[in-house]
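[1] Okay, structure incoming, though there's no sequence with it:
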C-alpha cells in the first residue's frame, strides 16, 4: 500500500487501506512488533503533520509522534473498528497528545517568563502580580536546583538565556540529540517539581 493510497482512505472494505490499518492495529494489540513498525511507516507522516500543525515546533512534534506510537503499542488492543477507522483513532490520539503538550509548554513558558522578568528587575503593574511572580520565581529557582545536572544547565540555557537546542549543544560541547534529551528530560523533572509530584 502506498502513502498516496493511505491519504485516500475511504472505508474498511476488504483489501482497502482502512482495512489494512485496522488489521495492523489488531496485530499490534497482540504484541506483534513488526506490525507496529509497518503501521508507523504507513501513518507517521500523517501523525507528524497533524502534530506539527498543532504544536508548531518540529522537535516537540517529533516527541508527540513518539508518544503516540508508544500509546498505540499499549492500547491497540482496545481499538474498536465499529467506532471509527484506524487512522481516525490514531489522529485522535495525536490531537489529544499535541494539545496536551501545547498546554503544558505554555504553562511552563508562562512561569519561566515571570521568573525571567523578576530576575531582570522588571516590575509588574500591581503588588499582587509582583507577589505572585516572586512566589513563582522562588519555586522555579528551587525546582531548578533540585533537578540536578546536567539537566539544570540545559534547561537554564534554553529557557532562561534563550539559546536554541543547537546553541545549547555547542555551549556544552555535546551532540544535538543529547542536548534535546537533556532539555526534554529536565523540563519533565521541572514540571514534576513545580507540581509537587513524584520527586523520584
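    Arrived safely, thanks for sending. All figures in this text were calculated on a predicted structure; none of them were measured in a lab.

[2] Quick check: which element contains residue 100?
    Element membership for residue 100 (DSSP states H and E) is helix 86-119.

[3] so for that helix, what's the average pLDDT?
    The pLDDT scores in helix 86-119 average 76.

[4] Next: stretch 23-34.
    Mean pLDDT, computed over stretch 23-34, is 93.

[5] Now the terminal residues of that stretch, how far apart.
    13 Å (Cα to Cα, to the nearest Å).

[6] ok, and what's touching it?
    35-36, 38-39, 42, 72-73, 76-79, 86, 89 (Cβ atoms under 8 Å, 6 or more residues apart in numbering). For the C-beta atoms, the positions are set from N, CA and C on the backbone; glycine is no exception.

[7] For the residues you listed, which single residue is the most surrounded?
    residue 86 (27 neighbours; other Cβ atoms under 10 Å).

[8] Hmm, that one is touching residue 22, no?
    Yes: the pair residue 86 / residue 22 is scored as a contact, 4.6 Å apart, by Cβ atoms under 8 Å.

[9] Next, show the common contact partners of the two.
    Joint contacts of residue 86 and residue 22 (Cβ under 8 Å, 6+ apart) are residue 79.

[10] backbone phi and psi for residue 83, please?
    phi -100, psi 0 (degrees, to the nearest 10).

[11] I misspoke; the intended subject was residue 149.
    Here residue 149 shows phi and psi, under degrees, to the nearest 10, equal to phi -90, psi 150.

[12] pLDDT below threshold where in the protein?
    In the predicted model, the chain carries pLDDT under 70 at residues 1-15, 106-143, 159-161, 193-200.

[13] how does it divide up, domain by domain?
    3-104, 123-195 (automatic domain parsing).

[14] Residue 62 contacts residue 48, correct?
    Yes: under the criterion of Cβ under 8 Å, residue 62 makes contact with residue 48 at 7.2 Å.

[15] circling back: next, format the contacts of stretch 23-34 as CSV and append distance to residue 56 and secondary structure.
    Output for those, formatted as CSV (distance: Cβ to Cβ, whole Å; DSSP: H, G, I helix; E, B strand; the rest coil):
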residue, distance to residue 56, secondary structure
35, 31, helix
36, 27, helix
38, 29, helix
39, 26, helix
42, 25, helix
72, 23, helix
73, 27, helix
76, 28, helix
77, 33, helix
78, 30, helix
79, 29, coil
86, 26, helix
89, 24, helix
